[in-house]
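[1] Kindly return the folded structure for what I paste below:
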Amino acid sequence: MMKKHSTINSLHRGGLFSMHIMKRQVENVVVGVNQIV
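    The predicted structure follows:
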């Protein structure tokens, strides 16, 4: 039971981390587009 819970926790944390990375990439693209324009 505890092992399953920790697995869900790590998956959730990984999802938040990947979302954070995607957000950073989107911000970088927006900054790049602003510099081009």
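[2] From the chain's centroid, how far away is the helix or strand harbouring residue 17?
    Using DSSP states H and E, residue 17 falls within helix 2-36. The chain centre lies 0 Å from the centre of helix 2-36; the measure is C-alpha atoms, centre = their mean, to the nearest Å.
[3] Let's test this: mean pLDDT of it, rounded?
    For helix 2-36, the mean pLDDT works out to 85.
[4] Tell me, how many residues neighbour residue 5?
    Neighbouring residues of residue 5 were enumerated by other C-beta atoms under 10 Å; the total is 9. (C-beta placed from N, C-alpha, C; glycine too.)
[5] Next, work out how far apart it and residue 16 are.
    Residue 5 sits 17 Å away from residue 16, taking C-beta to C-beta, to the nearest Å as the criterion.
[6] cool, and residue 24?
    13 Å.
[7] measure residue 25 to residue 33 for me?
    From residue 25 to residue 33 the distance is 13 Å (C-beta to C-beta).
[8] Nearest residue to the middle of the protein?
    Residue closest to the average C-alpha location in the chain (C-alpha atoms, centre = their mean): residue 19, at 2.1 Å.
[9] who's in contact with it?
    Residues near residue 19 by C-beta atoms under 8 Å, 6 or more residues apart in numbering: none.
[10] now it: how far from residue 26?
    Counting by C-beta to C-beta, the gap from residue 19 to residue 26 is 11 Å.
[11] same deal with residue 37?
    With C-beta to C-beta as the criterion, residue 37 and residue 26 are 16 Å apart.
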